[in-house]
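Colleague: generate coordinates for the sequence data below:
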Amino acid sequence: MTVLIDPPVWPAHGTHFSHLVSDVSLLELRAFARAAGVPDRAFDLDHYDVAAARHDELVAAGAVPVAGMELARRLVASGLRISGAERAGSKRAPMLARWDASCPTTPGRTAGEGAGEAAREAAGEVAWHAVGEALDERWREPHRTYHTAFHLFTALEALDTLLSDAAASGAPVPGDVAWHARVALWFHDAVHDGSTPADEEASAALARELLAPLTGVAPRSAAEIARLVLVTAAHDPDPGDLAGSLVSDADLAVLGGTPAAYARYTHQVRAEYAHVPDPLFRRGRAQVLGGLLAAGDLFRTPWGKARWHDDATSNLGAELRDLAGPA
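Modeller: Now for the predicted structure:
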């Protein structure tokens, strides 16, 4: 076990905080934290924030005290660190700004004239923002280590990349299709208890529930967004389903990352299922990865295939070999 803790020098909430990290695995870190009574809500993507009053107790429980610079160096070397730029992009304020920017001024909203219409549109923006706040809270639930606001951020970034590539290829994605895909990504793992397809079904139901009362969202749009959420259960959109293909590709883009980024992703997934015994997790994970490879095309848009297919196939194959080896 290599769990590290630095001195409590970070001021917040009337005290000072230490960082608790592992330079081996997030699963090890989560197991140590839970055994020591550190709540899941103290986890922040790659570390736990722990108050000064607990520092000595955690050292006594086995955490190795190191200087702050040493802790940072070893976290970076482990490959588990979330960079400052990545962390900044997935913070609450920029994420809500992204959500607000997608307020439906085109799909479902009728441009009107006069003060009455302007007031209704302003009220619609307030209601839209409230839905974004509710979704953001869900993505930050403390039991998550992979299906976090960081995953949502990277999926939205991947969608932007796909849309940019489509435009550069001379085949821009229609605005309503892009909008439906973007909003569906916000909902696609809004409910996450670790059960497929129940999570996707519950997330789709949440989309219908939260979008239906919004005057700016047409019923057909709410239904389409719920449908797109369900696509992420099997990642098998029908041929010709451009919106479904965009959502599926953006959600799976992490598979086509660099080997280091992919390894970090696997640690995040394993820690999220810390309650599952290792042999059972390895079998289940191998079945999921084998199913993805057996399905043929991991990515359904031409832009996703060009960007991520080869790296994703290599990453999945390497992980499957690791899963088949000794625990």
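
Colleague: excluding chain neighbours, give the residue nearest to Thr2 in space.
Modeller: Spatial nearest neighbour of Thr2, chain neighbours left out: Val24 (4.9 Å); criterion: CB to CB, 6 or more residues apart in numbering. For the C-beta atoms, the positions are set from N, CA and C on the backbone; glycine is no exception.

Colleague: ok, Phe150 next?
Modeller: Closest to Phe150 by CB to CB, 6+ apart is Ser90, at 4.4 Å.

Colleague: what segments of this structure are helices?
Modeller: 26-35, 55-60, 68-78, 84-89, 92-101, 114-139, 149-168, 175-187, 198-211, 219-234, 242-252, 259-272, 278-294, 302-324 (DSSP state H).

Colleague: mind listing what's buried along the fifth one?
Modeller: By that I understand helix 92-101. Buried positions in helix 92-101, judged by neighbour count with 16 or more other CB atoms under 10 Å: 95, 98-99.

Colleague: export those residues to TSV and append columns for distance to Pro239 and pLDDT.
Modeller: Formatted as TSV, the buried residues of helix 92-101 follow (distance: CB to CB, whole Å; pLDDT from 0 to 100):
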residue	distance to Pro239	pLDDT
Met95	33	98
Arg98	30	97
Trp99	31	97
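
Colleague: first-to-last residue distance for stretch 227-244?
Modeller: In stretch 227-244, first residue to last residue: 8 Å (CA to CA, to the nearest Å).

Colleague: average pLDDT across that stretch?
Modeller: Average pLDDT, stretch 227-244: 96.

Colleague: buried sites along it?
Modeller: By 16+ other CB under 10 Å, the buried positions in stretch 227-244 come out as 227-233, 235, 237, 241-244.

Colleague: so what touches it?
Modeller: Stretch 227-244 is contacted from outside by 173, 177, 180-181, 184, 187-189, 196-197, 200-201, 203-204, 207, 224, 245, 247-248, 251-252, 292, 295, 300-301, using CB atoms under 8 Å, 6 or more residues apart in numbering.

Colleague: same thing but 7 Å
Modeller: By CB atoms under 7 Å, 6 or more residues apart in numbering, the residues outside stretch 227-244 that reach it are 173, 177, 180-181, 184, 187-188, 196-197, 200-201, 203-204, 207, 245, 247-248, 251-252, 295, 300.

Colleague: now stretch 14-27
Modeller: Contacts for stretch 14-27 (CB under 7 Å, 6+ apart): 2-10, 28-29, 33, 38, 46-52, 55, 58, 63, 71, 74-75, 77-78, 80, 145, 267-268, 270-271, 274.

Colleague: what's the neighbour count on the nearest residue to Asp249 once chain neighbours are set aside?
Modeller: Computed as CB to CB, 6+ apart, the closest residue to Asp249 that is not its neighbour in sequence is Gly304, at 3.5 Å. A count of neighbours around Gly304, defined by other CB atoms under 10 Å, yields 25.

Colleague: His309: which of the buried residues of stretch 227-244 is nearest?
Modeller: Nearest to His309, judged by CB to CB, of the buried residues of stretch 227-244 is His235 at 13.4 Å.

Colleague: what about that closest one, distance to Leu156?
Modeller: Plainly put, His235 is 17 Å away from Leu156 if you go by CB to CB, to the nearest Å.

Colleague: and what of Thr196?
Modeller: Thr196 is 21 Å from Leu156, by CB to CB.

Colleague: neighbour count winner among these two?
Modeller: Leu156 (21 against 12).
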